[in-house]
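# Here is my input; please provide its structure:
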Amino acid sequence: MAAAPLYLSAAEVARLLEEPGLLPLLEVALGRFSSADGEVEQPVRSTVALRRCRGFLGVMPAYSAQDDALVTKIVRFYQAPDSSHLSTVLLFDPSNGVLKAYLRPPCLDVLCILGAGAQAMSHYQICTQIFPFKQVKVWSRTRERAERFAQRAAGPVQVCGSAQEAVSGADVVITVTMATEPVLFGEWVKPGAHINAVGGCRPEWRELDDALMRDAVLYVDSREAGICESGDIILSGAEIFAELGEVIVGKKPALCDKTTVFKSLGMAIEDMVTAKLVYDRWEAENRPKP
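Take a look at the predicted model:
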C-alpha cells in the first residue's frame, strides 16, 4: 500500500523557501523548457470557466526528465478582491504515477507596482531583496488595500492616487491586478523601462494597452501559452520576440536598452522546481539520523 501523501502548509512551504537557492533552479528550468529537447513535457494549462462566479479552475501538469519529477498544479482564480487565488501543487513519484535579471534595465532606482494583493507583495519582496531600488511606489483601485500593502512592506512605500502617478519615472513596472481592461498605458512609461505583466491571464483580459504591447520588445515564458491565453498579446496583435528561456540559453538577446515587456502566465515547470526543492529540504530535515 502506498504511504499517505505528505501535506505541507503554506507557512511550512514559506519557511522551507527562506534559504536562498530557488532562483538558479528556476533559471535552469526555463532554459530547459525553451530548449525543446524533449527533457520537459508541459502542455498549455487546461481551464474550466466558472462564468456565473466570475472565475476559472486551471490544471497545470509538467514533467522534467532531468529532475525525474512529475507535478500538477491546481489553481482557482476568482475576480474577488479578498480571495482571488488559491492553488495546490501535487508532486508525484514519476516511477508510479518560482531568475536572474536577464531583462534588467540600466537604471534601477524606482519600482512601481500596480496592484496590492498577495502576488504584489511577493513580487515586492523578491525585487527589493535582489535589486537596490531607491523608491517604491504602489497603486491599487482600492486605496485602503494600497495603504495596507505599504504598512506590511519591509521598507518605505509611496501610495499613489493614480496608476499614472505610480508609473511616472519608474524603471521597473509590475502589473499584478485583476483588470480586464488596460490599467497601464504606453504613453506613461519611461523609455527603456521594463514591465513585468503578471495579471490578465485569460484571452479576454488585459492590463497593458495596444501602444505599449506593440512598441515594446515582448518576452514571454511560453510562446504557446502566450498566443492561447494572454489577452494582452491576443487583443493587441503584438509580436513575441523571445521566450525568457531562449535568452537564458543564449538563443536570443536581452535588449535591455529598449522598453521591454515580460508577459508571465506562470508555468508548471516553475511549480515543479519549487515543489521539489521544498520536498527535498523537508526530507533532509526529517530524515532519520543514522
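
# From the chain's centre, how far out is stretch 230-239? Work that out for me.
For stretch 230-239, the distance from its own C-alpha centre to the chain's C-alpha centre is 18 Å (C-alpha atoms, centre = their mean, to the nearest Å).

# Give me the contacts around it.
Residues outside stretch 230-239 that contact it (C-beta atoms under 8 Å, 6 or more residues apart in numbering): 180, 197, 200-210, 213-214, 218, 220, 226-227, 240, 263, 265. C-beta coordinates here come from the backbone N, C-alpha and C atoms, glycine included.

# residues of stretch 52-67 that come out buried?
Judged by neighbour count using 16 or more other C-beta atoms under 10 Å, the buried positions of stretch 52-67 are 55, 56, 58, 60, 61, 62, 63, 64, 67.

# The third one and residue 232, how far apart?
So that's residue 58. Distance, residue 58 to residue 232, by C-beta to C-beta, to the nearest Å: 18 Å.

# Likewise for the second one?
Distance, residue 56 to residue 232, by C-beta to C-beta: 17 Å.

# got it, and the fourth one?
For residue 60, the distance to residue 232 (C-beta to C-beta) stands at 19 Å.

# just the first one next, same as before
Separation of residue 55 from residue 232 (C-beta to C-beta): 19 Å.

# part of a helix, is residue 123?
Yes. Assessed by DSSP: H, G, I helix; E, B strand; the rest coil, residue 123 belongs to a helix.

# wait, it sits on residue 111?
No. The criterion here is C-beta atoms under 8 Å, and residue 123 misses it with residue 111 at 9.1 Å.

# Of those two, which one has the most company?
It is residue 111, of residue 123 and residue 111, that has more neighbours when counted by other C-beta atoms under 10 Å, with 23 against 19.

# With just CA atoms, put the helix or strand hosting residue 32 into PDB.
Using DSSP states H and E, residue 32 maps to helix 22-35. C-alpha atoms of helix 22-35 as PDB (Å, rounded to 0.1, in the frame of the first residue of the first chain):
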ATOM      1  CA  LEU A  22      15.300  28.700  -5.800                       C
ATOM      2  CA  LEU A  23      16.200  31.300  -8.400                       C
ATOM      3  CA  PRO A  24      19.100  29.500 -10.000                       C
ATOM      4  CA  LEU A  25      16.800  26.400 -10.300                       C
ATOM      5  CA  LEU A  26      14.100  28.400 -12.000                       C
ATOM      6  CA  GLU A  27      16.600  29.800 -14.400                       C
ATOM      7  CA  VAL A  28      17.800  26.300 -15.400                       C
ATOM      8  CA  ALA A  29      14.200  25.100 -15.700                       C
ATOM      9  CA  LEU A  30      13.200  27.900 -18.000                       C
ATOM     10  CA  GLY A  31      16.200  27.300 -20.200                       C
ATOM     11  CA  ARG A  32      15.400  23.600 -20.500                       C
ATOM     12  CA  PHE A  33      11.800  24.400 -21.400                       C
ATOM     13  CA  SER A  34      12.800  26.700 -24.200                       C
ATOM     14  CA  SER A  35      15.500  24.300 -25.500                       C
END
